[in-house]
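**Q** Provide a 3D model corresponding to the input given below.
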Amino acid sequence: MTPPEAPATPAGQAPPAVSVRPQVMRKRSDFLAAAKARRQSTASMMVQARRRGDADPLMRVGFTCSKKVGNAVARNRAKRRLREAARHVLPDHGKPGWDYVLIGRHGATASRDFQDLRRDLIRALDKLHGTR
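**A** Next comes the predicted model:
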């Protein structure tokens with residue numbers, strides 16, 4: 001079922017990109033598994049990525065910021081920016097069957113220009129997938 005904000009599509013056509021959204025990881029065990037896998041650091045974030053061993057084709061993503069990033073307001077702002085960057089980048093540059101964890105950095109994630117934040121995520125995914 002498409003979300004209510006998604007535009008209607010004629011029968012037989014693929015839904016628009018706005019309705020493609022990775023599943024959000026919530027379990028601690030998923031985050032710990034991703035922490036043992038590949039990682040790529042950028043100026044504004046750390047990206048961890050792992051290919052899951054199951055047959056589930058969904059792409060999953062998780063977001064986290066430690067208390068080093070700042071108080072709750074600063075951490076939530078950093079996570080909101082990471083979520084928005086992932087929403088723009090992952091449908092085109094992520095791979096099905098992979099888990100991604102985006103970790104915010106102190107001072108950089110919340111204050112970096114959004115276009116630079118997106119470019120950092122694209123560069124990290126390219127390096128993690130070996131497409132660069």
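**Q** only C-alpha atoms from now on, for both contacts and neighbour counts.
**A** OK.
**Q** give the buried residues for stretch 115-124.
**A** Using 16 or more other C-alpha atoms under 10 Å as the test for burial, stretch 115-124 gives Leu117, Arg118, Asp120, Leu121, Ile122, Arg123, Ala124.
**Q** out of the residues you listed, the closest to Val24 would be?
**A** Distances from Val24 to the buried residues of stretch 115-124, taken as C-alpha to C-alpha, are shortest for Leu121 (17.0 Å).
**Q** name the residues that touch the helix or strand harbouring the closest one?
**A** Assigned by DSSP states H and E, Leu121 belongs to helix 114-129. Identification of contacts with helix 114-129 by C-alpha atoms under 8 Å, 6 or more residues apart in numbering yields 38-45, 47, 49, 81, 85-86, 88-89, 93-94, 109, 132.
**Q** and the lowest-mean-pLDDT helix or strand in the chain, what does it pack onto?
**A** Across the helices and strands of the chain, mean confidence by mean pLDDT, DSSP states H and E is lowest for strand 23-24: a mean of 91. Contact here means 3 or more C-alpha pairs under 8 Å, 6 or more residues apart in numbering; DSSP states H and E; on that basis strand 23-24 packs against strand 60-64.
**Q** okay, helices next: where are they in this protein?
**A** 28-35, 72-93, 114-129 (DSSP state H).
**Q** angles on the backbone of Met25, please.
**A** Here is the backbone geometry of Met25 (degrees, to the nearest 10): phi -80, psi 140.
**Q** in contact with the nearest residue to it once chain neighbours are set aside, which residues?
**A** Of all residues not flanking Met25 in the chain, Gly62 sits nearest, at 4.9 Å (C-alpha to C-alpha, 6 or more residues apart in numbering). Applying C-alpha under 8 Å, 6+ apart, we find Gly62 in contact with Val24, Met25, Arg26, Phe31, Asp99, Tyr100, Val101, Leu102.
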